[in-house]
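> heads up, no residue letters with this:
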């Protein structure tokens, strides 16, 4: 039996497909340029700590003030602080660092809702693509501090855990702040993922829960005690292939 013939595209359709293909090809150059520009701007800021959390947190909330306190302590301890550059926890992180001794960095994203650049940024970099922005959060971070948040926060958390677990990036401290918020998730990870063999028990050591700002800073220093913050030659190779 002969194969059925596919319909021949009309000239207009063919032209439209060609236009779409050309736009997609040029989009690759836009993405490359976004990576290059961000890498050049962020390379001098190490060591840095990325802070994540909800964009919906209000400035008078306990979570906002806790984030600001943590960021100020990190900044005064010599860490640049990287946030998503928007409102809520992101603003609190940038604000704390802005009035500290080290740079406040905002990695802004163009979104139809929930994102406007906060005013507390020494270095601002705006992205069109989530994936390029996410690479920069990991590539230049010596630690992750994760405040209460929604889907975006969970996305950043699980992305970092996956990259470290699979050896696609170097191991850095991942600190969840507010045990009352994260406790249920930690229990579920043990009772479901570990118990059912979805992850190894040792994978739980990739993340820790801390409530006090000073202890967050201490935990990061403790992780790097005896080795310094600069990536080793092997870690630099890993980060190049991130």
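Noted; the coordinates are in hand. Everything numeric in this text was worked out from a predicted model, so none of it was measured.

> Now do the contacts for residue 208.
Residue 208 sits next to 173-176, 219 when contact means Cβ atoms under 8 Å, 6 or more residues apart in numbering. Every C-beta, even on glycine, is put in place using the N, C-alpha and C of the backbone.

> most surrounded residue in those residues?
Highest neighbour count within the contacts of residue 208, by other Cβ atoms under 10 Å: residue 175, with 23 neighbours.

> sec struct for it, please.
Secondary structure state of residue 175, per DSSP: H, G, I helix; E, B strand; the rest coil, is strand.

> I figured it was touching residue 216, is that so?
Yes. Using Cβ atoms under 8 Å as the test, residue 175 is close enough to residue 216 to be in contact (5.6 Å).

> Give the residues shared as contacts by the two.
In contact with both residue 175 and residue 216: 145, 210, using Cβ under 8 Å, 6+ apart.

> any idea which helix or strand carries the spatially most central residue of the chain?
Nearest residue to the geometric centre of the chain (Cα atoms, centre = their mean): residue 137, 3.9 Å. Counting by DSSP states H and E, the element that carries residue 137 is helix 130-139.

> By mean pLDDT, flag the weakest helix or strand of the protein.
The helix or strand of the chain with the poorest confidence is helix 11-42; it has a mean of 78 (mean pLDDT, DSSP states H and E).

> before we move on, the earlier item: chain center to whichever helix or strand comes after the helix holding residue 137, what's the gap?
Later in the chain than helix 130-139, the nearest helix or strand by DSSP H and E is strand 143-146. Taking the mean of its C-alpha atoms, strand 143-146 sits 8 Å from the chain's own mean (Cα atoms, centre = their mean, to the nearest Å).

> so what strands line up beside strand 143-146?
strand 48-52 (parallel), strand 174-177 (parallel) (DSSP bridges).

> As TSV, those with distance to residue 212 would be great.
Output for the strands paired with strand 143-146, formatted as TSV (distance: least, Cβ to Cβ, whole Å):
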stretch	distance to residue 212
strand 48-52	16
strand 174-177	9
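
> of all the ones you listed, which lies closest to residue 158?
Smallest distance to residue 158 across these (Cβ to Cβ): 10.4 Å, for strand 174-177.

> just checking, the residue nearest to the centre of the chain touches residue 107?
Yes. With contact defined as Cβ under 8 Å, residue 137 reaches residue 107; the gap is 6.6 Å.

> what is in contact with these two at once?
Common neighbours of residue 137 and residue 107, using Cβ under 8 Å, 6+ apart, are residue 82.

> From residue 146, how far off is the residue nearest to the centre of the chain?
Per Cβ to Cβ, to the nearest Å, residue 137 is found 11 Å from residue 146.
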